[in-house]
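Peer 1: What shape does this take:
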Amino acid sequence: MSVRELLARMDSHELAEWIAFYAIEPFGEQRADLRAAIVASVIANCNRGKNQKAFKPADFMPFKEAPPPKKPQSMSEQQAPFKVLTQVLAQRKRRRK
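Peer 2: Take a look at the predicted model:
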């Protein structure tokens, strides 16, 4: 879907809601790959040898490069998606009145 088609189907407020939702609960192919990797790592760990190192979900992810290490998020960074979602929902509520 092109950007023009997307904007013809939904307004900017709905788009902002989806962006805020994605920040809280990611979805899509990469997220699906992670869920499958978690299941694969559990199965592999149930069947690994006694002295064998435990598998991690990253061992079963289909990307070639390791993701960059994440720095711990500050409290304000953790709260930011929720603030955006709260603002969007407040705007939506005001529009309905």
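
Peer 1: and the helix or strand that contains residue 80, how far from the chain's centre?
Peer 2: Residue 80 is located in helix 75-96, with elements delineated by DSSP states H and E. Distance of helix 75-96 from the chain centroid (Cα atoms, centre = their mean, to the nearest Å) equals 18 Å.

Peer 1: Could you do stretch 42-60 as well?
Peer 2: On Cα atoms, centre = their mean, the centre of stretch 42-60 falls 24 Å from that of its chain.

Peer 1: Can you classify the residue nearest to the spatial centre of the chain as helix, strand or coil?
Peer 2: Residue closest to the average C-alpha location in the chain (Cα atoms, centre = their mean): residue 26, at 2.2 Å. Three-state assignment for residue 26 (DSSP: H, G, I helix; E, B strand; the rest coil): coil.

Peer 1: do you know how far it is from residue 17?
Peer 2: Residue 26 sits 15 Å away from residue 17, taking Cβ to Cβ, to the nearest Å as the criterion. Where C-beta positions appear, they are placed from N, C-alpha and C, glycine not excepted.

Peer 1: next one: residue 73
Peer 2: 22 Å.

Peer 1: ditto for residue 92
Peer 2: Taking Cβ to Cβ, one finds residue 92 at 7 Å from residue 17.
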